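Student: sequence-free structure coming up:
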């Protein structure tokens with residue numbers, strides 16, 4: 001799906017002012033409300049916009065320890081292990097990857113002991129061969145997409 005200049009202006013506003021109404025977005029952009037809504041609907045349908053909910057802090061929810069757990073999986077069991085990961089609430093994200101391991105997960109834990117418990121739970125999943133864990137010390141660049149939207153708007 002091609003994202004044009006108006007789309008990138010819409011996306012920028014959504015990221016910069018997420019609690020603004022559609023009517024106000026339309027006014028700020030100088031377009032009809034119907035035009036804006038049609039663009040939003042298309043970008044949602046095409047998977048450009050994937051959510052509209054609030055962004056939550058695991059640390060503020062009592063899970064300040066962030067770790068990245070690489071999981072090596074027995075051949076042929078990737079889907080099973082991936083499905084099992086969805087049942088572990090401390091797993092925030094999981095990706096199939098290339099390189100050292102088959103899956104990369106982002107895990108939030110209350111403390112190091114809790115992290116160890118989560119890792120033990122992962123190790124005991126059928127199809128998991130081994131894990132390797134890296135604990136994040138400090139966030140250097142928070143999750144963001146606005147610079148990417150700006151680069152798309154600039155044609156880079």
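Tutor: Thanks, I have the structure now. Please read these numbers as outputs of a predicted model, since none were measured by experiment.
Student: how about the strands of this structure, start to end?
Tutor: Using DSSP state E, the strands found in the chain span residues 65-73, 91-96, 103-109, 128-135.
Student: out of the ones you listed, which is closest to residue 12?
Tutor: Closest approach to residue 12 among those (CB to CB): strand 91-96, 24.5 Å. In this view, the C-beta of every residue, glycine as well, is placed from N, C-alpha and C.
Student: go through that closest one and flag the buried ones.
Tutor: In terms of neighbour count (16 or more other CB atoms under 10 Å), strand 91-96 has its buried residues at 91, 94.
Student: cool, and stretch 78-98?
Tutor: Buried-residue list, stretch 78-98, by 16+ other CB under 10 Å: 81, 82, 84, 85, 90, 91, 94.
Student: count of residues packed around residue 63?
Tutor: Using other CB atoms under 10 Å, residue 63 has 19 other residues around it.
Student: what's the answer for residue 25, then?
Tutor: Neighbours of residue 25 (other CB under 10 Å): 20.
Student: quick check: beta-bridge partners of the one residue sitting closest to the centre of the chain?
Tutor: For the chain, residue 93 is the residue whose C-alpha lies nearest the centre (CA atoms, centre = their mean; 6.7 Å). Note on residue 93: beta-bridge partners by DSSP bridges are residue 106.
Student: shouldn't it be in contact with residue 106?
Tutor: Yes: if you go by CB atoms under 8 Å, residue 93 and residue 106 touch, sitting 4.4 Å apart.
Student: okay, domains of the protein per the record?
Tutor: Here the domain assignment for the chain is 5-54, 65-135, based on automatic domain parsing.
Student: before we move on, the earlier item: among the buried residues of stretch 78-98, which are in helices?
Tutor: Per DSSP state H, helices hold the following members of these: 81, 82, 84, 85.
Student: got the contact list for the spatially closest residue to the third one that is not a sequence neighbour?
Tutor: Take residue 84 and drop its neighbours on the chain: the residue closest to it by CB to CB, 6 or more residues apart in numbering is residue 125, 4.9 Å away. Residues counted as contacts of residue 125 (CB atoms under 8 Å, 6 or more residues apart in numbering) are 81, 84, 85.
Student: with residue 129 instead?
Tutor: By CB under 8 Å, 6+ apart, residue 129 lies in contact with 72, 73, 74.
Student: identify the bridge partners of the first one.
Tutor: Spelled out, it's residue 72. residue 130.
Student: tell me how many other residues crowd it.
Tutor: Residue 72: 15 surrounding residues under other CB under 10 Å.
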